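Trainee: Mind looking at a prediction? Sequence and model below.
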Amino acid sequence: MASYRKHLWRRILIGATTSCAHVGRRLGVALALSWAFASTSSGVTFTVNSPASDADAMPGDGTCETVTGNGICTLPAAIQEANAFAGFDAVELPPGTYPGPISVTEDLALSAEDPATTMISDLVSTAGAQLSISRISLSGGLLVGTELCTSLVPATVTVDRCIIGGDGVRIICSEAPSSIANSTITTGSGTGLFLLAASATIADTTISGNETGVHVDAYVAVSFTRVSIRNNVLGIDAVPALIGSMTLNDCDVVENGTGIHTGTTEGWGLHLCIDHSEISRNTGHGIAVGGGLEFPPFASVLSSVASLEECQVGVHVTDTRIEGNGGMGIAGATGLNFAEVVRSSITGNSSDGCSSVGESL
């Protein structure tokens, strides 16, 4: 697995940059390009009119009905019909609760009018399609990609104005960028957003009420803009991020256990940029940078990803408030040149300031 991981990043983080401002821009351009085909492809629209779980009578005949001639179109039947056709099809849901699980194999737009009145009660997944989901409550969660992660798959998702529970959102081994906007992710005892070998942009979204708000595993490029990560046991867990980049711009990481936990023990690291954000009122440390870390300076680590000249540290914090946390503002391992803090406030924490992270203030 270790050997596989060290090669997989080349396809995920192609064109990686040390500029915090450029990371989100690159992801946004890639996302726009990845959906250009979807916006110009015509397909068939299926309108569901029954909350039942019956299958389609003749998948691929272009008519969504559970018995020939009865005109009853269920969600499973509509998905069967959409999966039978190439092109970007659409499934429209009226208010109601609909069964699953739902597996999407061809490009699809799945939409409703209001997530407060329209719910899919089981897992929605795609392992090889472009999937757009809007204004739906996904109480069983969302899986994009493949859990085994033996190779990258052409699966990607755009989520807008959704409420997501269950197992949260898992984006795994996806070779195209995904996006989540204007949504809420709450799982209770699980992980809100899980990323492995994937890239994503998250905007105007709340991730709260989870055991872990965000878990960033290996080979990830993710950008958060105006995202609130609060009331989780752990806000962001980025310890396993062997190679990757994560930016937080205008975000709140507040009222969690530990706000952000990053670092590694496998000789790799995460490029973390935090700008115009607040990391406050967490009961543990605001930012905890691993412990007992043994790896080369961060610029050397990421030099295998791209040509890096400016990045000499692992955590960049700019114009950010790190205040009122129950532990250190930034806690890190001894002797590492790991944190750069510029024009930021680190005050009112139970153990104030930074701890042995080679900080630049």
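Mentor: Ah, there it is.

Trainee: Buried ones in stretch 110-128, by neighbour count?
Mentor: 110-112, 115, 118-120, 122-127 (16 or more other CB atoms under 10 Å). (Each C-beta comes from the backbone N, C-alpha and C, glycine too.)

Trainee: how much distance is there from it to the middle of the chain?
Mentor: Chain-centre distance of stretch 110-128: 17 Å, with CA atoms, centre = their mean, to the nearest Å.

Trainee: can you pull the contacts of the closest residue to residue 96 other than its chain neighbours?
Mentor: In space, and not counting its chain neighbours, residue 96 is closest to residue 51: 4.5 Å by CB to CB, 6 or more residues apart in numbering. With contact taken as CB atoms under 8 Å, 6 or more residues apart in numbering, residue 51 is in contact with 74, 75, 96, 97, 98, 99.

Trainee: before we move on, what about residue 284?
Mentor: Contacts for residue 284 were tallied using CB under 8 Å, 6+ apart; they are 256, 257, 258, 259, 325, 326, 327.

Trainee: correct me, but the second one touches residue 281?
Mentor: No. Residue 257 is beyond contact range of residue 281, at 11.3 Å (criterion: CB atoms under 8 Å).

Trainee: burial of residue 151, as a residue count?
Mentor: By other CB atoms under 10 Å, 12 other residues sit near residue 151.

Trainee: Tell me if it really is in a strand.
Mentor: No. Assignment of residue 151 by DSSP: H, G, I helix; E, B strand; the rest coil gives coil, placing it outside any strand.

Trainee: quick one, phi psi at it?
Mentor: Per-residue torsions, residue 151: phi -160, psi 160 (degrees, to the nearest 10).

Trainee: repeat for residue 162
Mentor: phi -120, psi 160.

Trainee: got the contact list for it?
Mentor: 115, 133, 134, 135, 136, 137, 138, 183, 184.

Trainee: Please tell me which one of these counts the most neighbours.
Mentor: residue 138 (28 neighbours).

Trainee: how much space between the closest residue to it other than its chain neighbours and residue 184?
Mentor: Nearest non-adjacent residue to residue 138, counting by CB to CB, 6+ apart: residue 164, 4.8 Å away. Distance, residue 164 to residue 184, using CB to CB, to the nearest Å: 7 Å.
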